[in-house]
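Student: what's the 3D shape of this:
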Amino acid sequence: MVWTPKIPFVCLRLLRRNGTATREQSDLWSLEAMRSLFCLTGALAGMMTAATVFAQTPNSAYRPSTFQPAPHQTYYAQPNHGSSYGHAAQLWQPGATNVSYTPQPQVPPMNGGYAEELNANPYHEQLDGHGGHAAVDGSQYGCDATGCGSMDAIACCEPCGPQWFGYAGGLVMKKDREREPWLSYDSGDLGAAIMGSHDAEMDWSGGYELRLGRHFDCSNWAWEGVFWAIRGESEFNAYGADMVGDLRTPLEVNFQGLTYNGSSLDDFYGADGGAHVHRLRRSFDFYNVELNLLQDPNLYSSYNDCGGFNVGVVGGLRFFRFSDGMQFSSNTVDDVFVGGIDEVHYGVDTDNNLLGAQIGMLTNYSHRSWDFYGGAKIGLFGNYIDHQSRIYGTAGNATIVNPASPNNGREFDVSRSRTSLSFLCELDMGASYQVTQRFSVRGGYRAVALTGMALSTDQIPQNFEDLGVVASTQASSSVILHGAYFGGEFVW
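Tutor: Residues are numbered from 1 along each chain as shown. Coordinates of the predicted model:
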């Protein structure tokens, strides 16, 4: 048997269509295009990084000065205090290639011209505390900069510049649409779109982000810890008074054999015309924790007097949690849910806990006080999934009443855990501006694509009596979370 690589084919999960069509065909086409972009870019970053990250070694955080001596002048170092000028070391003379430290006799007094000319063009590579981002004017490190390349880097950036860096900011992100199951319909107008899972989809939701890291002494490598979180909730109601006929659910066929409080479950959802309101509630929680090793430029660097472009690498461990909750409720008395005995709820909760390693690349273009950066990361993760499905109300859980069923007499409350493999790809791009010597503001766009996810809407069975199928926990969906961020970074 010939072994063939599997990773590209796993990534193709992001390219396939998730189930049946949704309301707007254009949404699916745009979604497929985004998934393709995220996966292919992340895979490219992974392949490029794998070939280079272990071949690199940390370099000094300094780059030699671009100062060039005049063609017909000899330069001398400042002598020690109390010594005669006749014992100063010669630094350079016409025709010499290397610095000479041989004492020269009868050296004339130094007028400071060498120091002034030397400091007219010092050019240190300094790290701004975020992998891949370099500032060439040195202003953020307490140097008295008067323009690009004009600060006294040796005097004020000694020995290595700031080592610690921290960031705090906000996030506004949105989840893409999943396969949509329909939950409510109008018996008098079967073509009307009453309620599906997209009616309570995740809208733009806010969150926060924290970062803390430190450079290793006098090197262009650093460690960084990252935490960010997004939480979203939504609700949609369909009222029987707005229907031409009765408010009903397509799930009533699948409810066969289920009873609640002594009555058939489908009666509570409108099979006998008694449903006053259907309510759909959904919740979405995203938590991200990373511990990364960053390399500020070592793969490629290119600089000029006022800026430069560089490429670095990143790798580390990551934990990502995505919780998806759904509650489909019905009230047979009125339009208000108060916890009465005539209210019934079908709830599904799934928790995806991803843990694994990731690698990626970082790029940065700097110009004076501006940095424009981008990055891509990809990782393979083990996904530990928790799933619970339950139909319940004030009177307790729904029960299977069917003598022909092997689950006759059992309550509909199913919990199960399983593991699977998932891929996570991330794209990040943005810009930062140096406000003071140690503080900068940054903002950008981030997208995270995941495969092998268990969604609450995927757990709706075709037969609620088959508890084995209910407990099987489907985990074949993909998710894209994307949006903007903005915050401030401080180095010390």
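Student: could you give the mean pLDDT of stretch 287-300?
Tutor: The pLDDT scores in stretch 287-300 average 84.
Student: Please apply the same query to stretch 390-404.
Tutor: Throughout stretch 390-404, pLDDT has a mean value of 95.
Student: for residue 251, phi and psi?
Tutor: For residue 251, the backbone dihedrals (degrees, to the nearest 10) come out as phi -80, psi -10.
Student: can you tell me which residues contact residue 398?
Tutor: 258-260, 265, 344, 391-392, 411-412 (C-beta atoms under 8 Å, 6 or more residues apart in numbering). All C-beta spots, glycine's among them, are computed from the backbone N, C-alpha and C.
Student: neighbours around the nearest residue to residue 386 once chain neighbours are set aside, how many?
Tutor: Among residues not flanking residue 386 along the chain, residue 351 sits closest, at 4.3 Å (C-beta to C-beta, 6 or more residues apart in numbering). Close neighbours of residue 351, defined as other C-beta atoms under 10 Å, add up to 17.
Student: just residue 189 next, same as before
Tutor: By other C-beta under 10 Å, neighbour count at residue 189 equals 12.
Student: Please apply the same query to residue 461.
Tutor: Residue 461: 18 surrounding residues under other C-beta under 10 Å.
Student: With the one 10 residues further on instead?
Tutor: Residue crowding around residue 471 was assessed by other C-beta under 10 Å; the count is 17.
Student: Next: residue 182.
Tutor: 16.
Student: what packs against the host helix or strand of residue 386?
Tutor: According to DSSP states H and E, residue 386 maps onto strand 370-393. Judged by 3 or more C-beta pairs under 8 Å, 6 or more residues apart in numbering; DSSP states H and E, strand 370-393 is in contact with helix 25-50, strand 258-260, strand 307-331, strand 343-367, strand 413-434, strand 439-453.
Student: Go through the ones you listed and name the closest to residue 221.
Tutor: strand 307-331 (9.3 Å; C-beta to C-beta).
Student: Which positions within the closest one qualify as buried?
Tutor: Neighbour-count burial for strand 307-331 flags 307-316, 318, 320-331 (criterion: 16 or more other C-beta atoms under 10 Å).
Student: Share the number of residues neighbouring residue 335, please.
Tutor: Residue 335: 12 surrounding residues under other C-beta under 10 Å.
Student: mind listing what's buried in stretch 196-213?
Tutor: Residues 196-202, 205, 207, 209, 211, 213 are the ones in stretch 196-213 that count as buried (16+ other C-beta under 10 Å).
Student: who touches residue 390 in this structure?
Tutor: 346-348, 397, 412-414.
Student: Now the buried members of the residues you listed.
Tutor: Among the contacts of residue 390, the ones that count as buried by 16+ other C-beta under 10 Å are 346-348, 412-414.
Student: Look up how far residue 164 lies from residue 447.
Tutor: Residue 447 sits 29 Å away from residue 164, going by C-beta to C-beta, to the nearest Å.
Student: what does residue 324 give?
Tutor: Distance, residue 324 to residue 164, by C-beta to C-beta: 37 Å.
Student: And residue 201, by the same measure?
Tutor: Taking C-beta to C-beta, one finds residue 201 at 41 Å from residue 164.
Student: repeat for residue 332
Tutor: From residue 332 over to residue 164 the distance is 61 Å, taken as C-beta to C-beta.
Student: out of the two, which sits in the more crowded spot?
Tutor: Using other C-beta under 10 Å, the more surrounded residue of residue 332 and residue 164 is residue 332, with 21 against 13.
Student: What residues sit buried inside stretch 180-190?
Tutor: Neighbour counts over stretch 180-190 (16+ other C-beta under 10 Å) mark 180-186 as buried.
Student: in stretch 273-290, what counts as buried?
Tutor: 274-288, 290.
Student: Just the CA atoms of it, as PDB, please.
Tutor: C-alpha atoms of stretch 273-290 as PDB (Å, rounded to 0.1, in the frame of the first residue of the first chain):
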ATOM      1  CA  GLY A 273     -53.600  23.800  16.900                       C
ATOM      2  CA  GLY A 274     -52.900  24.800  20.500                       C
ATOM      3  CA  ALA A 275     -49.400  26.400  20.200                       C
ATOM      4  CA  HIS A 276     -49.600  30.200  20.900                       C
ATOM      5  CA  VAL A 277     -45.900  30.900  20.400                       C
ATOM      6  CA  HIS A 278     -42.700  29.100  19.300                       C
ATOM      7  CA  ARG A 279     -39.400  30.600  20.700                       C
ATOM      8  CA  LEU A 280     -35.900  29.900  19.600                       C
ATOM      9  CA  ARG A 281     -32.900  30.900  21.700                       C
ATOM     10  CA  ARG A 282     -29.300  30.300  20.800                       C
ATOM     11  CA  SER A 283     -26.000  31.000  22.600                       C
ATOM     12  CA  PHE A 284     -22.400  31.100  21.300                       C
ATOM     13  CA  ASP A 285     -19.300  31.200  23.400                       C
ATOM     14  CA  PHE A 286     -15.700  31.300  22.000                       C
ATOM     15  CA  TYR A 287     -12.600  31.100  24.300                       C
ATOM     16  CA  ASN A 288      -9.000  31.100  23.000                       C
ATOM     17  CA  VAL A 289      -5.800  30.500  25.000                       C
ATOM     18  CA  GLU A 290      -2.300  30.400  23.300                       C
END
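Student: for the stretch 51-200 of the chain, which spans come out with low pLDDT?
Tutor: For the stretch 51-200 of the chain, applying pLDDT under 70 flags the ranges 51-160.
Student: So what sits opposite residue 351 in the bridge?
Tutor: Beta bridges link residue 351 to residue 323, residue 386, judged by DSSP bridges.
Student: roughly how far apart are it and residue 287?
Tutor: Relative to residue 287, and taking C-beta to C-beta, residue 351 is found at 10 Å.
Student: same question, residue 201
Tutor: 20 Å.
Student: try residue 264
Tutor: Residue 264 is 40 Å from residue 287, by C-beta to C-beta.
Student: swap in residue 364?
Tutor: Note on residue 364: its distance to residue 287, by C-beta to C-beta, is 28 Å.
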